[in-house]
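J.: Below are the sequence and a predicted model; questions follow.
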Amino acid sequence: MNDLGGHNKITAYIKRTVKRVLSHLNKSVHDPIWHKVHNALPVASCIVLGFLMITTVWRGLSSDVALDMYVDGKMIGVVSDVSGSVGAIAALEADISEKVGVAYKFDYEIEYKFTTARRRDVLTASECYSILQQYAMNEVTTAHALYVDGVIVAANQDEEAIAGVLLSIERDMFEKTSTDDKVDAIYIANQVEIKEQYCLNQYIASAQDIALETDDLDFAVVKTETEVTQIPYDTVYVKTECYYEDVEFCAVAGSCGEQISTYTVEYVNGREISRVLNDEYEVLTPTAEVIYQGTAPYPKTVVTGRFVWPTVSRHVTSPYGPRGNSHHMGIDIDGNRGTPIYAADGGVVVFAGPEGTYGQSVIIKHDDVYSTRYAHQSKILVKEGDRVYQGQVIGMIGDTGRAFGCHLHFEILKDGKDTSPMPYFAGK
Ligand SMILES: [Zn+2]
């Protein structure tokens, strides 16, 4: 426009000058000078035409091939090449994206048409950017953007409207959930932020639409939970001389106590994310278990090498040795049924049970040489493997096996062979 304006001014100036000269000539048509001027006219015309030609050529020489740039069909200016304007668009897209927090695309139809233009009429990059920016800024408004986990989901001019939507979402969820479970509170678990900033118009949403945009939020559910746990009982060991040293038994059975703990538990999508203990109290006190452990040493079961009388009664009804045409392998000692039979010396029970004509019989091995047998018992009080001490009650007098009346048949076996017991009672 400036270029054209300058050219027109010059033309108008020439026209005005010629007019003035001609009017002057008309006035003095009879002037003798007019003839001189008339003769000089062709020369002046040549000068004017030459000047016009020079300016035209100058214009031509100072012009470049360029592009008219159109945005949505409207010419916005001349650019030297496509890459310059593409660069301006890219820079604008980056700047607007940063402002609005989402990827912005300059979505207008861009066209170019070849033209020639003087260099000074070609848009600089920043001029091109400014013109395009006016388009972009039409798509942007200052508003409050709602970010969920760092991503803009909607925007609204009214910050409180957004906060209200979030609150009502939480309240609705609470009402829905609290009916089927004991829930203390529900809140949105996502990272939610409201920031005032430039927003793309397309993100501006009504409260109702914001609610729809935020339908896949995560919710934290806060519950009070009660847990009943057992309190373990202690075990107390009581040492006592009342029992032999290998005796151990439970005198009082232990029982666990109970405690109730209340927790504030937070779940997000059903997954527990925190548990805080609020209170803990005992509802049942544990009872300690009492175990008695005997400390009394056992009476010696070692072989004393001497034998004591195996019954209270000392009345021998049948001595050791020949009896009719047989051999009596021990002595028979009179005694009432049920009276105790004592081990004649310490040792190990190697047999306890029915033994043919002996009836209920016990054999105690004292050492590698001596054993004793106690036959016809009504009841045996030891078992095979028991260690017994001298004088220990091992059974009761009876008449089991081949026996006529209740008595104890007592044998002393030396190297497995019977021997007369009587000399042993007097001391070896
Ligand atoms: Zn006998």
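T.: The structure has been received and is ready for your questions.
J.: So the closest residue to residue 84 other than its chain neighbours versus residue 76, what's the distance?
T.: By the measure of Cβ to Cβ, 6 or more residues apart in numbering, the closest residue to residue 84 outside its immediate chain neighbours is residue 125, 5.7 Å from it. Bear in mind the C-beta positions are built from the backbone N, C-alpha and C, glycine included. For residue 125, the distance to residue 76 (Cβ to Cβ, to the nearest Å) stands at 14 Å.
J.: what does residue 170 give?
T.: Distance from residue 170 to residue 76, by Cβ to Cβ: 49 Å.
J.: ditto for residue 100
T.: 23 Å.
J.: So for these two, which residue has more residues nearby?
T.: Between residue 100 and residue 76, residue 100 has the larger neighbour count (other Cβ atoms under 10 Å), namely 24 against 19.
J.: Who is the residue in the stretch 201-350 of the chain that the ion sits nearest to paired with across the strands?
T.: The stretch 201-350 of the chain approaches the ion most closely through residue 332 (4.1 Å), counting by Cβ to the ion. Assessed by DSSP bridges, residue 332 has beta-bridge partners residue 318, residue 409.
J.: Partner strands of the helix or strand harbouring residue 224, with direction?
T.: Using DSSP states H and E, residue 224 sits in strand 219-231. With DSSP bridges as the test, strand 219-231 is paired with strand 185-188 (antiparallel), strand 257-268 (antiparallel).
J.: Only the buried residues of that strand, if you could.
T.: 219, 220, 221, 223 (16 or more other Cβ atoms under 10 Å).
J.: wouldn't the last one be in contact with residue 272 here?
T.: No - proximity of residue 223 to residue 272 does not meet the contact threshold set by Cβ atoms under 8 Å, at 9.9 Å.
J.: ok, and the closest non-adjacent residue to residue 287?
T.: Going by Cβ to Cβ, 6+ apart, residue 287 has residue 255 as its nearest residue, at 4.6 Å.
J.: Over to residue 113?
T.: Using Cβ to Cβ, 6+ apart, the nearest residue to residue 113 is residue 68, at 4.6 Å.
J.: Now do the helix or strand hosting residue 165 against strand 219-231, angle only.
T.: Assigned by DSSP H and E, residue 165 belongs to helix 159-178. Orientation check (axes from the mean of the first three to the mean of the last three Cα atoms, to 10 degrees): helix 159-178 against strand 219-231 gives 40 degrees.
J.: could you pull out the helices for the stretch 301-428 of the chain?
T.: 422-425 (DSSP state H, counting those that start in this stretch).
J.: So which bits of it are right by the ion?
T.: 332, 409 (Cβ under 5 Å from the ion).
J.: Might you report the residue contacts of the closest residue to residue 327 other than its chain neighbours?
T.: Among residues not flanking residue 327 along the chain, residue 321 sits closest, at 7.1 Å (Cβ to Cβ, 6+ apart). Applying Cβ atoms under 8 Å, 6 or more residues apart in numbering, we find residue 321 in contact with 327, 328, 420.
J.: roughly how far apart are the first one and residue 318?
T.: Remark: distance between residue 327 and residue 318 (Cβ to Cβ) = 12 Å.
J.: Could you do residue 385 as well?
T.: 31 Å.
J.: For the two, indicate the residue with more neighbours.
T.: The residue with more neighbours, out of residue 385 and residue 318, is residue 318; 15 against 9, by other Cβ under 10 Å.
J.: Confirm that residue 92 lies within a helix, as I assumed.
T.: Yes - per DSSP: H, G, I helix; E, B strand; the rest coil, residue 92 lies within a helix segment.
J.: what about it, distance to the ion?
T.: Residue 92 is 128 Å from the ion, where distance means Cβ to the ion, to the nearest Å.
J.: Can you tell me, leaving aside adjacent residues, what's nearest to that residue?
T.: Nearest one to residue 92, counting by Cβ to Cβ, 6+ apart, is residue 132 at 5.3 Å.
J.: So the residue nearest to residue 84 sits against residue 87, correct?
T.: Yes - between residue 125 and residue 87 a contact is recorded at 6.5 Å, counting by Cβ under 8 Å.
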